[in-house]
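Novice: I'll drop the sequence and a predicted model, then ask my questions.
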Amino acid sequence: MKRNQIVLIVIVAALGLMVWSGYHNYKRRKAQQNAPQAVLVPDDASTQSVAQDVDQDEGLPNLRGKKAPAFTLKNTDGKRVSLADYKGKAVLINFWATWCAPCKIEMPWFIELQKQYESQGFTVLGISEDDVKDHPEVAKFKEKIGVNYPILLGDDAVGKAYGGLEFLPTSYYVGRDGKIVEETAGLASKDVIEAHIKKALAAGGQ
Amino acid sequence: MANNVSVAVSVFLAVLLPLFGLAQQESQEKMPWQTDVPHKAESVQFIAPAQVTVAARKPALIEMQFHIADGLHINSHAPHDKSLIPTQIAVADGDGLSTRAIDFPPGVDTTLPFAPKEKLSVYTGELVLTAHITAAPGNHLWQGILRYQACDLNQCMPPRKLPITVDVIAK
């Protein structure tokens, strides 16, 4: 009798494990179906591949917790600006381009959030991925919409340092200690952006 | 004896059935022995033709078929916003082969959820571009590069170049 009970328990446990693993598998396949459908393959054979440790769901390198790669770039006035100039501040590094419609949607939100959180030690740094020949258009666009934060002109090195930039917009939220607390690819809602800014402000302490 | 058999069957079920469920999961992930880089689908693919036969020294057409990946769009040849990157073809004519023009279809006007007031002129799905050529007798290689820039609903990919090669036999 006791042995029959043991057998019954084992059978029930086995069936329970099977149901759990099947459900988990279904959820995982559902998540994969909802992920972005296609990723571009670089057409230039000399282009380096994306950094290892890629977040397969978002196509982003996983830089969370790591020190934000340093860079020095020119702004639209020709002045050199470094990430190190903002040491001790929370920074939103936003990669964008004038040919990227979703990028231009979120920039007015960045303008508002820059005003709102600047006094708490926050700034946005916009890095344009436009071709060199289109840099004058970058400056015009900046003036047209009234961007109140630095717009820097990106180069290949900074793109590679931040994972190759498979998608735009791509944003990195850097805490006061210089470490990346969050990274996003694609258009995000203003609420999500603000939540990430607060997270960056809270990270790294005083 | 019967009890031993039932215990054996129970153990069999307890061990192998969950493994079956887990194995279904793992079959969708890269196995440890798979060393090749996972294939990434290109957002635009050149489908056909690989080869055309045309009358020599007479105007002829190459109808190039492309497929734009599901969920993506590329700007048409004439986007409404000048800051957007149009779809273009650069042609490298060789000896005995000349391209007079490339026909692009009109784009389809669409709007995106985050900008309902802004119309975009785009291509999606299947795309046919037509090259007007003239070829001297013999075998030639028609070569072009399609430049395009693709987006989905929330993000954009950098501009890309797709090489196109068509074998042209002129008789």
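Specialist: That came through fine. Quantities reported herein were computed from a predicted structural model and do not represent experimental measurements.
Novice: Run a quick neighbour tally on the residue lying closest to A:Gly163 once chain neighbours are set aside.
Specialist: Of all residues beyond its chain neighbours, the one nearest A:Gly163 is A:Pro61 (3.4 Å), with distances taken as C-beta to C-beta, 6 or more residues apart in numbering or on different chains. Every residue, glycine included, has its C-beta placed from N, CA and C. Burial measure for A:Pro61: 21 neighbouring residues, criterion other C-beta atoms under 10 Å in any protein chain shown.
Novice: Next one: A:Pro61 relative to chain B, how far apart?
Specialist: Shown here: A:Pro61 relative to chain B, a distance of 15 Å by C-beta to the nearest C-beta, to the nearest Å.
Novice: same deal with A:Trp109?
Specialist: Taken as C-beta to the nearest C-beta, the spacing of A:Trp109 relative to chain B amounts to 11 Å.
Novice: and that residue, helix, strand or coil?
Specialist: Assigned with DSSP: H, G, I helix; E, B strand; the rest coil, A:Trp109 falls in the helix class.
Novice: residues in contact with the closest residue in space to it that isn't next to it in sequence?
Specialist: Excluding its sequence neighbours, the residue lying closest to A:Trp109 (C-beta to C-beta, 6+ apart) is A:Lys190, at 4.4 Å. Counting by C-beta atoms under 8 Å, 6 or more residues apart in numbering or on different chains, A:Lys190 makes contact with A:106, A:109, A:112-113.
Novice: Which of the residues you listed sits closest to B:Ile89?
Specialist: Checking the contacts of A:Lys190 against B:Ile89 with C-beta to C-beta, the nearest one is A:Glu106 at 32.3 Å.
Novice: how close does the closest one get to chain B?
Specialist: With distances defined as C-beta to the nearest C-beta, the gap from A:Glu106 to chain B amounts to 9 Å.
Novice: For the helix or strand hosting that residue, which outside residues touch it?
Specialist: A:Glu106 is located in helix A:101-117, with elements delineated by DSSP states H and E. Contacts made with helix A:101-117 from outside it, assessed by C-beta under 8 Å, 6+ apart, are listed as A:90, A:92, A:94, A:96-98, A:122-124, A:126, A:141, A:145-149, A:168-169, A:186-188, A:190, A:193-194, A:197, A:201, B:81, B:84, B:112, B:114-115, B:118, B:120, B:151, B:154-156.
Novice: Same check on stretch B:162-171?
Specialist: Contacting residues not belonging to stretch B:162-171 are listed as A:43, B:42, B:44-46, B:49-57, B:60, B:62, B:64, B:89, B:96-97, B:133, B:135-148 [C-beta under 8 Å, 6+ apart].
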